[in-house]
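*Asks:* Quick check, what structure comes out for this input:
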Amino acid sequence: MAASPWRVTVIALAAALTAWVWILAGALFALRWNAIERPGPPIKEVFPYGELRIGIDASYPPFAVATSDGLFGLDVDLGAALAERIGIPVRFVNMGFDGLYDSLRADQVDIVISALRVDPARLGDVHYTTSYFNAGLVLVSDNALIETMPDMSGYALAYEFGSDADIQAKRWLRRIQPFATRPYETPGIALDAARVGEADAALTDIVSARLYLRQHPDWGAHYTPITDEWYAIASRIDKWILWETVERALQMLIQDGTLETIIDRWL
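*Replies:* Prediction:
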């Protein structure tokens, strides 16, 4: 006896409902499974030498400098904090800047921390972490009306002659109403000009600006980022788990304020 159309429809609906229940259950299980934080591979597998070997060029204060007492600087403190967070000893390998990427390739170091700009041309050879510092240009002024480069029209801008700031100033002269230019020999002198009133603002790299403002705490100036220049940590592209371990530790330093504390200590 043939089943009635109504019965066939009910059976089909029940089968479809059962299928959707299983699909939903599978999706929820997958989400739950992926959300579970699992321990990574043993540290000995990620760092077979038993330490975090960091390539660094200790000739660029305040990021790194070598003295008779050892290595000091922002990058040194960052490397030490990463190693502590990972739970492994740290060893810095000081070398010339030109040899940093080669040291990764030759497995002489695990990572490089050395005020290293993210270089798109090297993305086929290295992994970069999240940026830990933006070393771009900033506009420094004690004039509340000057916040961004378009605000410079009709004012005077100080900067280091022949620098990136010089290039940016000339670009903005073609975009907005004219402003007077005050080129100087160094970023420090340009900042002096803005502080004493020879210029209304100074365009300098953020490192020079922050160090200068620390030396002149009574100058009520503010600064605004104008360009970006990202510093990041590099590791070999074929060492994905190592990169992941360092990236996770860096994110923890960012989230708990440790990175900001290190930056404020040196800048």
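*Asks:* From now on I want contacts and neighbour counts done on CA atoms only, so please keep to that.
*Replies:* OK.
*Asks:* A80 against V90, yeah?
*Replies:* Yes: at 6.4 Å, A80 counts as touching V90 under the criterion of CA atoms under 8 Å.
*Asks:* who touches stretch 250-260?
*Replies:* Residues outside stretch 250-260 that contact it (CA atoms under 8 Å, 6 or more residues apart in numbering): 78, 81-82, 130, 132.
*Asks:* go on, stretch 85-102?
*Replies:* 50-58, 79-80, 83, 109, 112, 245-246, 249.
*Asks:* From those, which land in strands?
*Replies:* 52-56, 112 (DSSP state E).
*Asks:* For the residues you listed, work out which two are farthest apart.
*Replies:* Maximum pairwise distance among the ones in strands among the contacts of stretch 85-102 (CA to CA): 12.5 Å, between L52 and I56.
*Asks:* Neighbour count: the two, which is higher?
*Replies:* I56 (29 against 26; other CA atoms under 10 Å).
*Asks:* wait, that one sits on L116?
*Replies:* No: at 9.5 Å, I56 does not count as touching L116 under the criterion of CA under 8 Å.
*Asks:* returning to what we had before: which two among the contacts of stretch 250-260 are spaced furthest apart?
*Replies:* A81 and T130 (15.7 Å).
*Asks:* Would you confirm that P225 contacts V140?
*Replies:* No: using CA under 8 Å as the test, P225 is too far from V140 to be in contact (9.1 Å).
*Asks:* In terms of neighbours, single out the busier of the two.
*Replies:* V140 (29 against 19).
*Asks:* nearest spatial neighbour of the more buried one, skipping sequence neighbours?
*Replies:* Y223 (4.3 Å; CA to CA, 6 or more residues apart in numbering).
*Asks:* swap in A234?
*Replies:* Y128 is the one closest to A234 (CA to CA, 6+ apart), at 4.6 Å.
*Asks:* pLDDT weak spots in the chain?
*Replies:* Within the chain, the set of residues satisfying pLDDT under 70 comprises 1-41.
*Asks:* show me where it has helices.
*Replies:* 5-35, 43-46, 74-86, 100-105, 164-173, 187-196, 206-215, 240-255, 258-266 (DSSP state H).
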